[in-house]
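Novice: can you look at this prediction? I've put the sequence above it.
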Amino acid sequence: MTAGTAAEPVGPFAVRSGGARQLAGTGTLLRFALRRDRVMVPVWVAVTGLMVLSMPNSLKSLYGTAAERADLMRQMTTNSSLRALVGPVYDDSLGALTAWRVGVYAGLLAAVMSLLVVIRHTRDEEESGRQELVASGMVGRRSSLTAALLTAAVANGGLVLIVTLGLAGQGAAGALAFGLGIAGVGMVFATMAAVVAQLTESARLARGLTAGVLGGAFVLRAAGDASANEGSSFLTWMSPLGWLENERSFADERWWVLLLFVAATVLQGAVAYALAGRRDVGMSFLPTRPGPAAGRLATAGALAWRLQRGGVLGWSIGFFLAGLVYGGLTEGTAEFVGDNEGAREIFERMGGQSGLTNAFLASMIGMLGLIAALYIVGSVLRLHGEETSGRAEPLLANAVGRLRWAAGHLAVAFGGTVWIMLLAGLGFTFGYGKEAGPILAGCLVQVAGVWVIGGSAVLLYGLAPRAAPAAWGLAGAVLLIGWIGPALDAPQAVLDLSPFGHLPKLPGGEMQWTPVLVLAGLAVALVAGGLAGLRRRDLSG
């Protein structure tokens, strides 16, 4: 069945204009998409919004006087490493400092949310075969794409509302500009994902390529900001994240920069719509080469590795580079914090009270551990994707048991966690230039916390596969607690809700094996429970 035959409405829809026929059923598909994403989208919006709204009070406690804020601006002007990390600062008001401190990362989260939403409702649907079933009804050729983009627009609109209302006290115009800028980044990558979804035949490859472009945008922005202290570098202007900075929210807003977001969104959206009308359902302009390039896949584990090796490679490169960058920033950050007791206390809450340098290293290592939770959830849920797409059933019809099939993917997920954290430790060591032992130990300790999140994903998938995507919400909640909790001086009881709150703070702190072993044992129990459920239930494909 092709888009050319199945997507053309019949009956009463046939009398409509060509454009209307192309969009028939969009409202129904939009409601369905919003229902499917009723957990994932609110979690992403809440995490991003709370990260932004928590900053003014945190910054006020850190830089309460005009002199402290002026000194901060002076240090940012002269410290190219920190500009590469968070961008330049344009004004010393709390609103401007908030936009400086979290703008880039809020834009990153909005972009990731948007690309996931669009690919989930376009290429994922085609890959699973559901889109062909939908296309057999009274649904227009471009309705699914439109519904996916509208879903992303609703999510980003929620961000605009939260940021504008939450920061209105710092200046209504700046709050609106900041909210629109964050949403603009999200929509740029939503439409980019829509284009990539037409080009590739695999949802996994579509997510990887779009995420790679997002990583390139961050690198361009970082390189540009390191070379110029006012966001004026050509490299900064090459990145949508750089556009967000140069909008200068709360600092004589440049409203015309929003036109860049509008232009990029409209242009990419037009390309996506043109491509969507010129291909068959399930096909792509860059078809995947069938079969392995060489040799045979003799085991289920080998198949799992082949399916996930691209993701492991991408995460490996990202974690090594992140460790390299953060390690290189260690000395500069110690100088930057100086005598600021508020900033010192935040680092000590995140990384332990063993000296500022060790506290910074431990806090950054802990942050990468939180991000690694996203890796393990995505890797574990590859099982869910294989099942719902129908690819698992023919495999399991052969001499391959369910546990053996699942074990291959879980080995990549849990073993990959150890690998990427080890690479992060090597990156920290090379960047910092000091002894490797304590840093590598600190990175590997995080694995126990990551495994608990991965075990929870296995349990959800094994017992209630329809609820398996809720594992993303769990990972987001842990990220929120670990990222924002210390800055808000959250009670220890709240921090202890995350498995990472029980891990020893290394380097600098004392190694405590009991919590590490307890968390590892909990992860094993969760995995065992999930596999027991998988063994007994029916496949949902």
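Specialist: Great, that's in hand.
Novice: nearest residue to S227 other than its sequence neighbours?
Specialist: Here the nearest residue to S227 in space, its sequence neighbours aside, is S233; by CB to CB, 6 or more residues apart in numbering that works out to 5.1 Å. Heads up, the C-betas are built off the backbone N, CA and C, glycines and all.
Novice: over to W100?
Specialist: Sequence neighbours aside, V89 is the residue nearest to W100 in space, at 4.1 Å (criterion: CB to CB, 6+ apart).
Novice: just say helix, strand or coil for the one you found.
Specialist: Classification of V89 using DSSP: H, G, I helix; E, B strand; the rest coil returns coil.
Novice: show me the contacts for it.
Specialist: The contact partners of V89, taken as CB atoms under 8 Å, 6 or more residues apart in numbering, are L72, M73, M76, A96, L97, W100.
Novice: now those residues in a markdown table, please, with extra columns for distance to G64 and secondary structure.
Specialist: Below are the contacts of V89 laid out as a markdown table (distance: CB to CB, whole Å; DSSP: H, G, I helix; E, B strand; the rest coil):
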| residue | distance to G64 | secondary structure |
| --- | --- | --- |
| L72 | 11 | helix |
| M73 | 15 | helix |
| M76 | 18 | helix |
| A96 | 15 | helix |
| L97 | 12 | helix |
| W100 | 17 | helix |
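Novice: okay, the residues you listed in a markdown table with pLDDT and distance to G212 next?
Specialist: A markdown table is the format used below for the contacts of V89 (pLDDT from 0 to 100; distance: CB to CB, whole Å):
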| residue | pLDDT | distance to G212 |
| --- | --- | --- |
| L72 | 72 | 33 |
| M73 | 75 | 34 |
| M76 | 70 | 29 |
| A96 | 88 | 31 |
| L97 | 86 | 31 |
| W100 | 87 | 26 |
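Novice: from these, which is closest to L53?
Specialist: The shortest separation between L53 and any of the contacts of V89 is 13.8 Å, and it belongs to L97 (by CB to CB).
Novice: which residues touch the closest residue to the closest one other than its chain neighbours?
Specialist: Nearest non-adjacent residue to L97, counting by CB to CB, 6+ apart: L59, 4.9 Å away. Contacts for L59 (CB under 8 Å, 6+ apart) come out as L94, L97, T98, R101.
Novice: of those residues, which is the most crowded?
Specialist: Note: the member of those with the most neighbours is T98, at 29 neighbours, neighbours being other CB atoms under 10 Å.
Novice: residue ranges in the stretch 401-541 of the chain under the pLDDT threshold?
Specialist: Flagging of the stretch 401-541 of the chain using pLDDT under 70 yields the residue ranges 486-490, 540-541.
Novice: where exactly do the helices run in it?
Specialist: Per DSSP state H, counting those that start in this stretch, the stretch 401-541 of the chain has helices spanning 402-432, 437-463, 470-484, 492-495, 513-536. These are given in chain order.
Novice: restrict stretch 413-433 to CA atoms and write it as CSV.
Specialist: Output in CSV follows, covering the C-alpha atoms of stretch 413-433 (Å, rounded to 0.1, in the frame of the first residue of the first chain):
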residue,chain,number,x,y,z
ALA,A,413,22.3,-1.2,27.9
PHE,A,414,24.0,-2.1,31.2
GLY,A,415,27.4,-2.8,29.8
GLY,A,416,27.2,0.3,27.7
THR,A,417,26.7,2.3,30.9
VAL,A,418,30.0,1.1,32.3
TRP,A,419,31.7,1.9,29.0
ILE,A,420,30.5,5.5,28.6
MET,A,421,31.2,6.4,32.2
LEU,A,422,34.7,5.0,31.8
LEU,A,423,35.2,7.1,28.7
ALA,A,424,33.9,10.1,30.6
GLY,A,425,36.5,9.4,33.3
LEU,A,426,39.2,9.3,30.8
GLY,A,427,38.0,12.6,29.3
PHE,A,428,38.1,14.2,32.8
THR,A,429,41.6,12.8,33.4
PHE,A,430,43.0,14.2,30.1
GLY,A,431,41.2,17.5,30.5
TYR,A,432,42.2,18.0,34.1
GLY,A,433,45.7,16.5,33.7
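Novice: and the contacts of L59, which of them are in helices?
Specialist: The helices, defined by DSSP state H, take in L94, L97, T98, R101 from the contacts of L59.
Novice: coming back round to it: widest-spaced pair of the contacts of L59?
Specialist: When those are compared pair by pair using CB to CB, the maximum separation belongs to L94 and R101, at 10.2 Å.
Novice: any idea which residue sits dead centre in the chain?
Specialist: V112 (4.6 Å; CA atoms, centre = their mean).
Novice: adding distance to G378, write the helices of the stretch 401-541 of the chain out as JSON lines.
Specialist: Written out in JSON lines, the entries for those read as follows (distance: least, CB to CB, whole Å):
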{"stretch": "helix 402-432", "distance to G378": "9"}
{"stretch": "helix 437-463", "distance to G378": "9"}
{"stretch": "helix 470-484", "distance to G378": "8"}
{"stretch": "helix 492-495", "distance to G378": "25"}
{"stretch": "helix 513-536", "distance to G378": "16"}
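Novice: how about CSV for those helices, with mean neighbour count and distance to Y326 added?
Specialist: Rendered in CSV, the data for these read as follows (neighbours: other CB atoms under 10 Å; distance: least, CB to CB, whole Å):
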stretch, mean neighbour count, distance to Y326
helix 402-432, 21, 6
helix 437-463, 25, 11
helix 470-484, 20, 15
helix 492-495, 12, 21
helix 513-536, 16, 23
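Novice: L258 is nearest to which of those helices?
Specialist: Each of the helices of the stretch 401-541 of the chain was scored for nearness to L258 using CB to CB, and the closest is helix 470-484 (27.3 Å).
Novice: packing partners of the closest one?
Specialist: Taking 3 or more CB pairs under 8 Å, 6 or more residues apart in numbering; DSSP states H and E as contact, the helices and strands that helix 470-484 lies on are helix 40-53, helix 356-380, helix 437-463, helix 492-495.
Novice: so how far is that helix from its chain's centroid?
Specialist: Once both centres are worked out by CA atoms, centre = their mean, to the nearest Å, helix 470-484 turns out to sit 11 Å from its chain's centre.
Novice: confirm Q198 sits in a helix?
Specialist: Yes: counting by three-state DSSP, Q198 is found in a helix.
Novice: number of residues surrounding it?
Specialist: 23.
Novice: measure the closest residue to it other than its chain neighbours to L30 for me?
Specialist: In space, not counting the residues next to it along the chain, Q198 is nearest to L275; the distance is 3.8 Å by CB to CB, 6+ apart. Counting by CB to CB, to the nearest Å, the separation of L275 from L30 is 21 Å.
Novice: A468 too?
Specialist: Here the criterion is CB to CB. By it, A468 lies 23 Å from L30.
Novice: again, but for I162
Specialist: Relative to L30, I162 is positioned 21 Å away (CB to CB).
Novice: cool, G455 as well?
Specialist: Relative to L30, G455 is positioned 35 Å away (criterion: CB to CB).
Novice: before we move on, the earlier item: L275 and L30: which is more packed in?
Specialist: For L275 versus L30, the count of surrounding residues by other CB under 10 Å is larger for L30: 21 against 18.
Novice: what is the mean pLDDT for the helix or strand encompassing the more buried one?
Specialist: Element membership of L30 [criterion: DSSP states H and E] is helix 26-36. Averaging pLDDT along helix 26-36 yields 86.
Novice: so where's the stretch 151-300 of the chain shaky on pLDDT?
Specialist: Confidence mapping of the stretch 151-300 of the chain against pLDDT under 70 gives the ranges 280-297.
Novice: tell me where it has helices.
Specialist: Taking DSSP H, counting those that start in this stretch as the criterion, the stretch 151-300 of the chain carries its helices at 172-199, 203-227, 234-237, 240-246, 258-276, 300-337.
Novice: you'd agree S144 is up against H121?
Specialist: Yes: if you go by CB atoms under 8 Å, S144 and H121 touch, sitting 6.6 Å apart.
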